[in-house]
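> how does the following fold in three dimensions:
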Amino acid sequence: MKSRILLFLIFFLVAFDAVSQGCSQCKLLAEQSNGLDESSFSSNMNYGILYLMVFPYLILLFIFRKPVWRFLKSFRRQVS
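Numbers count the residues shown, from 1 in each chain. Prediction:
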């Protein structure tokens, strides 16, 4: 019982520390937003998130390019 409580406390403290972190680009945009209006700031945040999101997908597409092309070819044959 004591080990479960200890494990829960360790997990809670580690998870709490991980949640409190933020991405560096979001922090940078938030700090530089003093002179921007609200719509410009949100637009910049969205572009920053998209920028950070694209690269893992490009890497996965490059690594799994053969299975992806096979799937697309088979899908195109089924639609036609």
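> quote the end-to-end distance of stretch 59-72.
Length of stretch 59-72, first residue to last, CA to CA, to the nearest Å: 18 Å.
> that stretch - what's its average pLDDT?
Stretch 59-72 carries an average pLDDT of 91.
> I'd like to know which elements the lengthiest helix in the chain is packed against.
Ranked by number of residues, the top helix in the chain under DSSP state H is helix 38-63. Packing partners of helix 38-63 (3 or more CB pairs under 8 Å, 6 or more residues apart in numbering; DSSP states H and E): helix 24-31. To be clear about C-beta, it is placed using only N, CA and C from the backbone, and glycine gets the same treatment.
> just to revisit the earlier point, next structured bit after the longest helix of the chain?
Counting by DSSP states H and E, the next helix or strand C-terminal to helix 38-63 is helix 65-79.
> please enumerate residues in contact with that following helix?
Around helix 65-79, the neighbours that count as contacts under CB atoms under 8 Å, 6 or more residues apart in numbering are Leu61.
> compute the inter-axis angle for that helix and helix 38-63.
100 degrees (axes from the mean of the first three to the mean of the last three CA atoms, to 10 degrees).
> and Ser42, how many neighbours?
13 (other CB atoms under 10 Å).
> mind checking pLDDT for it?
Residue-level pLDDT assigned to Ser42 equals 70.
> point out where this protein drops to low pLDDT.
Within the chain, the stretches with pLDDT under 70 are 12-23, 25-27, 29-30, 33-39, 41.
> and with 50 instead?
Within the chain, no stretch falls below the threshold (pLDDT under 50).
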